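> Mind folding the following:
(one chain, ligands or ions: 1)
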Amino acid sequence: MGVISDHRHKGIGTRLTHAALVRAKGLGLRRVEVEVSEENHPDIGLYKSVGVKVEGRKIEAVRIGDRCINAFVMALLLRD
Ligand SMILES: CC(C)(COP(=O)(O)OP(=O)(O)OC[C@H]1O[C@@H](n2cnc3c(N)ncnc32)[C@H](O)[C@@H]1OP(=O)(O)O)[C@@H](O)C(=O)NCCC(=O)NCCS
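Residues are numbered from 1 along each chain as shown. Alright, predicted model coming up:
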């Protein structure tokens, strides 16, 4: 998911994420899991703001150019 930079911080990412979670629940999914670069603070903040929690940390999980970056495993259980 991405929001064009001129339109960030207006709640669009939150609304898109909520819509995806409602759809996932409607499909009967019980768990949503994401893997997020440890340096992607906007993405981590967005997921935390909708209740997605950090469950673990993968060391050097993502290579960006010459750098290997840790990643968080984050998840939300979709309960009734
Ligand atoms: C992550 C992204 C989708 C957020 O979209 P957005 O429309 O700006 O998000 P919102 O306005 O709904 O913000 C929701 C929450 O996200 C968090 N957040 C957003 N931008 C943030 C930033 N720069 N730093 C820290 N937290 C941030 C905040 O918790 C925010 O809640 P708040 O406004 O009450 O503080 C957007 O920054 C983006 O497109 N980034 C580039 C692409 C990307 O990294 N996508 C994810 C990986 S695929």
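
> For the residue nearest the centre of the chain, which three-state class applies?
Relative to the mean C-alpha position of the chain, the nearest C-alpha, by Cα atoms, centre = their mean, is the one of residue 47, at 4.5 Å. Three-state call for residue 47 (DSSP: H, G, I helix; E, B strand; the rest coil): helix.

> all strands for the protein, in order.
Using DSSP state E, the strands of the chain run over 31-37, 53-64, 67-77.

> Residue 17 and residue 46 touch, don't they?
Yes: the pair formed by residue 17 and residue 46 meets the contact definition of Cβ atoms under 8 Å, at 6.4 Å. Where you see a C-beta, it was placed from the backbone N, CA and C, and this is true even at glycine.

> what residues are shared contacts of those two?
Jointly contacting residue 17 and residue 46 under the rule Cβ atoms under 8 Å, 6 or more residues apart in numbering is no residue at all.

> hang on, the earlier thing: so who does the residue nearest to the centre of the chain touch?
Contacts of residue 47 by Cβ under 8 Å, 6+ apart are 17, 34, 36, 74.

> The same query, at a cut-off of 7 Å, please.
Residue 47 makes contact with 34, 36, 74, according to Cβ atoms under 7 Å, 6 or more residues apart in numbering.

> In a markdown table: those, plus distance to residue 66.
What follows is those, written out as a markdown table (distance: Cβ to Cβ, whole Å):
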| residue | distance to residue 66 |
| --- | --- |
| 34 | 25 |
| 36 | 21 |
| 74 | 26 |
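
> with these in mind, which one is nearest to the ligand?
Distances from the ligand to the contacts of residue 47, taken as Cβ to the nearest ligand atom, are shortest for residue 36 (6.8 Å).

> pull the CA atoms of stretch 32-49 into PDB?
The C-alpha trace of stretch 32-49 is given here as PDB (Å, rounded to 0.1, in the frame of the first residue of the first chain):
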ATOM      1  CA  VAL A  32      -3.700 -10.700   9.400                       C
ATOM      2  CA  GLU A  33       0.100 -10.700   9.400                       C
ATOM      3  CA  VAL A  34       2.500  -8.100   7.900                       C
ATOM      4  CA  GLU A  35       6.300  -7.900   7.800                       C
ATOM      5  CA  VAL A  36       7.600  -4.300   8.000                       C
ATOM      6  CA  SER A  37      11.100  -2.900   7.700                       C
ATOM      7  CA  GLU A  38      12.200  -1.700  11.100                       C
ATOM      8  CA  GLU A  39      13.100   1.700   9.500                       C
ATOM      9  CA  ASN A  40       9.600   2.300   8.000                       C
ATOM     10  CA  HIS A  41       8.300   4.400  10.900                       C
ATOM     11  CA  PRO A  42       5.100   5.700   9.100                       C
ATOM     12  CA  ASP A  43       4.100   2.100   8.200                       C
ATOM     13  CA  ILE A  44       4.800   0.800  11.700                       C
ATOM     14  CA  GLY A  45       2.900   3.800  13.200                       C
ATOM     15  CA  LEU A  46      -0.100   3.200  10.900                       C
ATOM     16  CA  TYR A  47      -0.300  -0.500  11.700                       C
ATOM     17  CA  LYS A  48       0.000   0.200  15.500                       C
ATOM     18  CA  SER A  49      -2.700   2.800  15.300                       C
END
